[in-house]
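Visitor: Pasted the sequence and its predicted model underneath.
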Amino acid sequence: MKLFPQPKNVTLLEETSGREVLKNRQNVVNSALGEEEYILRIDAAGITVEASCDKGFYYADLTLEQLLRRQGQQVKHCVIHDFPDFAQRGVMMDLGRNHVPTLENLKRIVDILSKVKINHFELYFEGFPFAYASHPKVWKNKDVLTPADIQELDAYCKTKFVELVPCLNAFGHMKHWIQRDEYRDLAITPDDPNGYKMPWGYEKGFSTLDPDKPGSWELTKSLFDDLLPCFTADIINICCDETFEITEKAKEGKNPTRVYLDYVLRIYRYIKSQYPEKTLLFWGDIIQRHPEFFDEIPEDLVPILWAYGEESPSLETCQEYTKAKQYYICGSTNTFCTIAGKTGVMIGNTNTCTTNGKATGAVGYLQTKWQDLGGWDETCVSYPGFIYGGVQSWNSEYKHDIVPYLNEYVFCDAAGLMAQISMELGDFYHFDPKHWYNGNGIIRTLYYDQLMNEDHDLDFCNLPPLDMAYFDKVEAHVAKYMRLLEQTDMGCDDAALIKAEYRLNMRMLMHGVMLGKYKLLGHTDREKAWELLDDIETIMADYRALWLQRNKNINLENSMFKFYELRRQYIEHLDLYRVKV
């Protein structure tokens, strides 16, 4: 009996009954059970469900619906006793960079999440996706999420027993704010005129507020004041990750980690003064490097261990986090920087996180969907990651094969193909030369190298070159799934849109192949250059049209910036041809 998530304890009995027995349903309140725990029994007398509250009955109903969907006219008797591994099982969506889904689309995502018993949905805010009342200039005349949108979504989530959790960066990742004239002086400004050296190379502009400047606190406080009243969840994620420039405080004779933690604690104390019953989360990447500070973290300020590699995080790293009073563990859909995802990495990462997290007492699991590099992967590319994160955080010991679930419940594909496409399309990353970069060769070609090799942000990686054999393999791989896509028979209400989104993603991958081969052949085929220009213009038009069917228009041009750059390079390249002629 395969269910999603697979219940902990299933006892199948020999007897069966006709479906008429299902008319007899009894709900029994059992206060000895946990909030999300339930006992489901089907026998000759009918259906009996035991739970301590409405949430337990709701989860029993989700299991029952799947169970009966797989039965014929005779219903097999059984007893199911089930409960989750992690109290909090969440998905975090990046709204700060690129796609900001419409309210309708966000509700659709909540529906998908709740069916696999996810109870925590975080909206990550960076930049200007929200109508901050204290800062109307930054979002005026832009299509952003409003307080009314958030409040309506919050109420909708409650009907699905999902907490809508705010996730706001107001310390690090403040580049969008600091780039504006009125906030530029709040940056920690290094001496180097070239910018600040991040782990991946020099960054133009800065992204961390200076805790020692009074204006920084006023900005941080105002953002939380504007956003938090829209949410009713008992949890708030204050982020505070990747504050890279904080190391500059050493030049002032200060301990950078001390400065960092003092600001985190200042945010904590302020929010607790407004919302004393709430628990606060924060990303643990800075404190992880200085575990001696774990003792200073209050019990209701919970660090999140995030790691996105296939075999990350290690058990030893998880054990370090047990120095905190409690902690969350966090994996990824591994769709960022890929266009088509890395399902193998996602599955390995999720398994490692949930296994090691459970072994070391993590209280929550988060599956993140980030939108780096234009966010060129559509949300539907992350559906496998959402589903797998949900089922594994409920039952980490059972390794779920989610293909049947995706076909039946998400894509509703009578042909049984769409799940395979969604799980396997991005597997061409296996063709990449061995490297540690978290993208793939096609995103390197389309986003960084492009035609003229003008972007040198990846130079520090010393990545091996891509050869003709690589592009041939990717081309054959993508062509296979393009054929399969046309054979799907999806019945979900957005089937046509999902098909169009995947078709566009495949065309983008094929454009990367065509560009890579053109460069390897020496930029000499004028007809191919015109074909590249025509193709990118068609991709851009379709990208814009599809974006607006699911998302607000804010950030659209930012997401398309590298498309514009590529088109410019094609045009300049063709102008050189004209000069030569």
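Guide: Perfect, thanks for sending it. Residues are numbered from 1 along each chain as shown.
Visitor: does Ile304 count as helix, strand or coil?
Guide: The three-state assignment at Ile304 reads strand, by DSSP: H, G, I helix; E, B strand; the rest coil.
Visitor: Just list whatever residues bridge to the residue nearest to it when sequence neighbours are not counted.
Guide: Closest residue to Ile304 apart from its sequence neighbours, by CB to CB, 6 or more residues apart in numbering: Tyr328 at 4.4 Å. The C-beta positions use only the backbone N, C-alpha and C, and glycine is treated the same way. Taking DSSP bridges as the rule, Tyr328 bridges to Ile304, Gly364.
Visitor: what sits against Tyr328?
Guide: 88, 281, 302-305, 362-366 (CB atoms under 8 Å, 6 or more residues apart in numbering).
Visitor: So it versus Lys158, what's the distance?
Guide: Taking CB to CB, to the nearest Å as the measure, Tyr328 falls 22 Å from Lys158.
Visitor: Which stretches in the stretch 251-400 of the chain count as strands?
Guide: Applying DSSP state E, counting those that start in this stretch to the stretch 251-400 of the chain gives strands spanning 279-283, 301-306, 328-332, 364-369.
Visitor: Just put the ones you listed in JSON lines and tack on mean pLDDT and distance to Phe206.
Guide: JSON lines is the format used below for the strands of the stretch 251-400 of the chain (pLDDT from 0 to 100; distance: least, CB to CB, whole Å):
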{"stretch": "strand 279-283", "mean pLDDT": "98", "distance to Phe206": "19"}
{"stretch": "strand 301-306", "mean pLDDT": "98", "distance to Phe206": "22"}
{"stretch": "strand 328-332", "mean pLDDT": "98", "distance to Phe206": "26"}
{"stretch": "strand 364-369", "mean pLDDT": "98", "distance to Phe206": "24"}
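Visitor: Compare the ones you listed and give me the one nearest His99.
Guide: Closest to His99 of the strands of the stretch 251-400 of the chain, according to CB to CB: strand 364-369, at 9.6 Å.
Visitor: Figure out how far the closest one is from the centre of its chain.
Guide: 8 Å (CA atoms, centre = their mean, to the nearest Å).
Visitor: That one vs strand 301-306, what angle?
Guide: Going by axes from the mean of the first three to the mean of the last three CA atoms, to 10 degrees, strand 364-369 is angled at 50 degrees with respect to strand 301-306.
Visitor: Now do strand 364-369 against strand 279-283, angle only.
Guide: Using the same axes, to 10 degrees: strand 364-369 against strand 279-283 is 50 degrees.
Visitor: can you put the strands of the stretch 251-400 of the chain in TSV and add distance to Thr354?
Guide: Shown next, in TSV, are the strands of the stretch 251-400 of the chain (distance: least, CB to CB, whole Å):
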stretch	distance to Thr354
strand 279-283	18
strand 301-306	12
strand 328-332	8
strand 364-369	6
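Visitor: Let me know which of those is the nearest to Asp43.
Guide: Asp43 lies closest to strand 364-369 among those, at 34.2 Å (CB to CB).
Visitor: and that closest one, what other elements does it pack with?
Guide: strand 88-94, strand 120-125, strand 301-306, strand 328-332, helix 343-359, helix 383-394 (3 or more CB pairs under 8 Å, 6 or more residues apart in numbering; DSSP states H and E).
Visitor: Just the CA coordinates for the fifth one, please, in CSV.
Guide: Once non-C-alpha atoms are left out, helix 343-359 reads as follows in CSV (Å, rounded to 0.1, in the frame of the first residue of the first chain):
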residue,chain,number,x,y,z
THR,A,343,16.4,16.1,-9.3
GLY,A,344,19.2,13.7,-8.2
VAL,A,345,20.8,16.4,-6.1
MET,A,346,17.4,17.4,-4.6
ILE,A,347,16.6,13.9,-3.6
GLY,A,348,20.0,13.3,-2.1
ASN,A,349,19.9,16.6,-0.3
THR,A,350,16.4,16.1,1.1
ASN,A,351,17.2,12.6,2.3
THR,A,352,20.4,13.7,4.0
CYS,A,353,18.7,16.7,5.7
THR,A,354,15.7,14.7,6.9
THR,A,355,17.7,11.7,8.1
ASN,A,356,20.4,13.7,9.9
GLY,A,357,17.9,16.3,11.1
LYS,A,358,15.7,13.6,12.7
ALA,A,359,18.7,11.9,14.2
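Visitor: Residues contacting it, please?
Guide: 85-86, 305, 307-315, 318, 329-335, 365, 367, 384-385, 388-389, 392-393, 396, 399, 423-424, 426-427, 429-430.
Visitor: got the buried residues for it?
Guide: Across helix 343-359, burial judged by 16 or more other CB atoms under 10 Å covers 343-358.
Visitor: do the same with the shortest one
Guide: Buried positions in strand 328-332, judged by neighbour count with 16+ other CB under 10 Å: 328-332.
Visitor: same check, this time on the first one
Guide: Neighbour counts over strand 88-94 (16+ other CB under 10 Å) mark 88-94 as buried.
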